[in-house]
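**Q** sequence unknown, structure follows:
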């Protein structure tokens, strides 16, 4: 459940929706969609339980401060559309950090943000062929933060966009809650051709190419799953990981008071990008 983000694209192909984030900081719309009360008492009921290794880490103020770097997040379209984007983002990071199980108290979808770091990583996730984002000796680029950012070729450009040295100091992603949320939002807002950004998909800006149409990559929550982990989860029927993501999304839409719409909640019939 702590999926590694194994993106092969060179950083020169990364295109942020707002360019260098710090240069475009503005007023976030998120606080009007997700109140502190909803965040702590409804959305993430168990994130600070003793059973969660990330307890007391993912605080509301860090989430809101991070969102200020990405003013278009939760800020495009009508109110319902903005709520759905925020619900989709929270659902995806909840799956990546879930501590829930089938019979968990309050259900499996009340246990998002339980982890801040991959448990027992299989390697240090250094791609030595990445000359633009070379690994620092002794550093590990395993999954950290809400989106479980992984690999040096993701840590490098994320840090460059957000104002920290992601290659020399990857541990900041699991040591500073605001940095952690910023990396997750950076990933959500950033296009990686041929992949669109998750943001573009959820706000209706995605326009599939003929290749994407042939791969049945249609807009909807399922396409954000394809962008995040399609190589392992898409083009297969009834994948439990995909169902978990959808379960979080449905729950969060309900809490935020917006209907779940569209037929493309999963990616069972979509070819992955990789």
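**A** Here it is on my side, so go on. Keep in mind it's a predicted model, so treat the numbers as computed, not measured. Numbers count the residues shown, from 1 in each chain.
**Q** pLDDT below threshold where in this structure?
**A** Judged against pLDDT under 70, the low-scoring parts of the chain cover residues 1-26.
**Q** so who does the residue sitting nearest the centre point of it touch?
**A** For the chain, residue 147 is the residue whose C-alpha lies nearest the centre (Cα atoms, centre = their mean; 4.2 Å). Contact criterion Cβ atoms under 8 Å, 6 or more residues apart in numbering gives 5, 92, 93, 96, 183, 184, 187, 188, 228 as the residues in contact with residue 147. No exception for glycine: its C-beta is placed from N, CA and C like everyone else's.
**Q** how many neighbours does the fourth one have?
**A** Burial of residue 96 is recorded as 26 neighbouring residues (other Cβ atoms under 10 Å).
**Q** tell me which element the residue nearest to the centre of the chain is part of?
**A** Assigning secondary structure by DSSP states H and E places residue 147 outside every helix and strand.
**Q** residue ranges of the strands in the chain, please?
**A** 15-16, 190-191 (DSSP state E).
**Q** circling back to that earlier point, skipping adjacent residues, who's closest to the residue nearest to the centre of the chain in space?
**A** Of all residues not flanking residue 147 in the chain, residue 184 sits nearest, at 3.9 Å (Cβ to Cβ, 6 or more residues apart in numbering).
**Q** you'd agree that neighbour is up against residue 145?
**A** Yes. With the criterion set as Cβ atoms under 8 Å, residue 184 and residue 145 qualify as a contacting pair; they are 5.8 Å apart.
**Q** give me every residue that touches the nearest residue to residue 102 once chain neighbours are set aside.
**A** The shortest distance from residue 102 to any residue that is not its chain neighbour, by Cβ to Cβ, 6+ apart, is 5.9 Å, and that residue is residue 108. Going by Cβ under 8 Å, 6+ apart, residue 108 touches 98, 100, 101, 102, 244, 247.
**Q** good, wrapping up.
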